[in-house]
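In: Fold the following.
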Amino acid sequence: MSQSRPPDARIAELTEKKSQLDAQIAALDARRRLSQKKDEDRIKWLLGTLVFDRLSAEPALQSPELVKLVRRDLPDRLTERDRDRGLWQILFPESHEDRP
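Out: The predicted model follows:
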């Protein structure tokens, strides 16, 4: 007669393997999400740099539509922190108010 492991032992072994696989899946998922976040942050930085460069360029190269968009939408993205509010004055030094 061959001896086989009791079902309870096999269940315990499979449960342990499942826990290990779940942990591996969670770790891979976390790395994937972090990578996606870094990619999104990089895209935002690149787009922000593009907009900033266009706004900082010679006045003849500035797009009126872009300036209008930034003046309209950027204040809603600034936080209440003094440093963020001060950024508005860097972009538009001629403006004496936070919101156009």
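
In: Point out where this protein drops to low pLDDT.
Out: 1-3, 58-62, 79, 82, 85, 91, 94-100 (pLDDT under 70).

In: Check the secondary structure at P75 for me.
Out: Assigned with DSSP: H, G, I helix; E, B strand; the rest coil, P75 falls in the helix class.

In: okay, now L87: neighbour count?
Out: When neighbours are defined as other CB atoms under 10 Å, L87 has 13 of them. For every residue, glycine as well, the C-beta is placed using N, CA and C.

In: Helix, strand, or coil at it?
Out: Assignment for L87 (three-state DSSP): helix.

In: residues contacting it?
Out: By CB atoms under 8 Å, 6 or more residues apart in numbering, the contact list for L87 reads L78.

In: how near is it to R71?
Out: Distance, L87 to R71, by CB to CB, to the nearest Å: 13 Å.

In: can you give me the offset of the longest helix along the chain from its chain's centre?
Out: The helix that spans the most residues within the chain, counting by DSSP state H, is helix 7-56. A distance of 13 Å separates the centroid of the chain from that of helix 7-56, by CA atoms, centre = their mean, to the nearest Å.

In: From the contact counts, what lies against that helix?
Out: helix 64-77 (3 or more CB pairs under 8 Å, 6 or more residues apart in numbering; DSSP states H and E).
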